[in-house]
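J.: quick one, what's the 3D model for this:
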Amino acid sequence: MKSIMRIAAICAIALISACSPPHVVKTGIFSGHPEEGYAWTSPDNVFSFAVTWKQGSRHSSAPHVHASEQEATWTLDDGYIWADPNKANDLNAKWGANMESSQYPHVVTSTTEGEWLPYPGYQWSDDNPSYPDSVSVRWAPGARWSGYPNVHAAAQEGMWIPDDGYRFVDPTKSLAVVRVETSNILPYGSASTDSGSDNPRQHFFNAIILSSICPKVDENSWEITRVISSACQQRANKEVDRAVQQIFEN
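T.: Numbers count the residues shown, from 1 in each chain. Next comes the predicted model:
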């Protein structure tokens, strides 16, 4: 009987040694640990070798990489890209500059690793713009975009308008602007001391020129085109109002 029990024990040990539970790295006959990304399903049960994929767990040897929602798949931390995306099973990551955040709206990566910048037209919501406590931003009317000179952020979030004396080349494609080559067109809402500013005929002329360059809109026009056209028409109407006012004053 003892011989049979001894043989059974030897067979059991051999079977355990030969077969490893799924996603468990053996470190001994009766010991082991879960593979990367896995955790014990019942950590308090020493006789259970069942494991479960743990989303969000960190990779022990691959910085800036964590377990994704899909089992056995790894994903990058926000702001990082694969060092070699064409190399299979390579989990090396690197910081990617000028990338939009996957977690925080209207925030992009800086050229310095670990640093973030507000998207053009936005500023940090925190009172201290240099060292924000949280990566949250708010729209900043009047803000400039370094990539597009002579335009600024409008009052409406996400909208841009050209500076006085400029118009969009094609607002449906980009924010590129060109200077309006017309003489004596007064900036919208400004006052002028030159003799032409008191000439009703000059104001009527300004209104005609402005109306001719205002973008045309229809039911298929983009929202930004509608905003630009509306601002342009308002400026032309103001020129007409000035001309009428000066006629009555004279």
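
J.: show me what the strand ranked longest in the chain is in contact with.
T.: Ranked by number of residues, the top strand in the chain under DSSP state E is strand 148-153. The contact list for strand 148-153, computed with Cβ atoms under 8 Å, 6 or more residues apart in numbering, reads 121, 139-145, 159-163, 166, 174-177, 179. Where C-beta positions appear, they are placed from N, C-alpha and C, glycine not excepted.

J.: what pairs with the helix or strand following that strand, and is each one parallel or antiparallel?
T.: Proceeding N to C from strand 148-153, the next assigned helix or strand is strand 160-162, under DSSP states H and E. Next to strand 160-162 in the sheet, as set by DSSP bridges, lie strand 148-153 (antiparallel).

J.: residues in contact with Trp82?
T.: Counted by Cβ under 8 Å, 6+ apart, Trp82 has contacts 76, 90, 92-94.

J.: turn the residues you listed into a markdown table, including neighbour count.
T.: Below are the contacts of Trp82 laid out as a markdown table (neighbours: other Cβ atoms under 10 Å):
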| residue | neighbour count |
| --- | --- |
| Leu76 | 18 |
| Asp90 | 12 |
| Asn92 | 12 |
| Ala93 | 20 |
| Lys94 | 13 |
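
J.: for these, work out which two are farthest apart.
T.: Spatial extent of these (Cβ to Cβ) is set by the pair Leu76 and Asp90 at 12.2 Å.

J.: before we move on, the earlier item: filter the contacts of strand 148-153 to the buried ones?
T.: Neighbour-count burial (16 or more other Cβ atoms under 10 Å) is assigned, among these, to 121, 139-140, 144, 159-162, 166, 175-177.

J.: contacting residues for the closest residue to Gly37 other than its chain neighbours?
T.: The shortest distance from Gly37 to any residue other than its chain neighbours is 4.2 Å, reached at Ala67 (Cβ to Cβ, 6 or more residues apart in numbering). Residues in contact with Ala67 (Cβ under 8 Å, 6+ apart) are 37, 53-57, 59, 73-75.

J.: can you do 10 Å?
T.: Residues in contact with Ala67 (Cβ atoms under 10 Å, 6 or more residues apart in numbering) are 36-39, 53-59, 73-75.

J.: do the same with Arg179
T.: Contacts of Arg179 were listed using Cβ under 10 Å, 6+ apart, and they are 150, 162-163, 165-167.

J.: distance to Pro43 added to the residues you listed, as TSV?
T.: TSV is the format used below for these (distance: Cβ to Cβ, whole Å):
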residue	distance to Pro43
Asn150	63
Pro162	63
Asp163	64
Gly165	70
Tyr166	66
Arg167	67
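
J.: where are the low-confidence patches of the protein?
T.: Confidence mapping of the chain against pLDDT under 70 gives the ranges 1-20, 29-30, 127-133, 181-229, 232, 240-241, 243-250.
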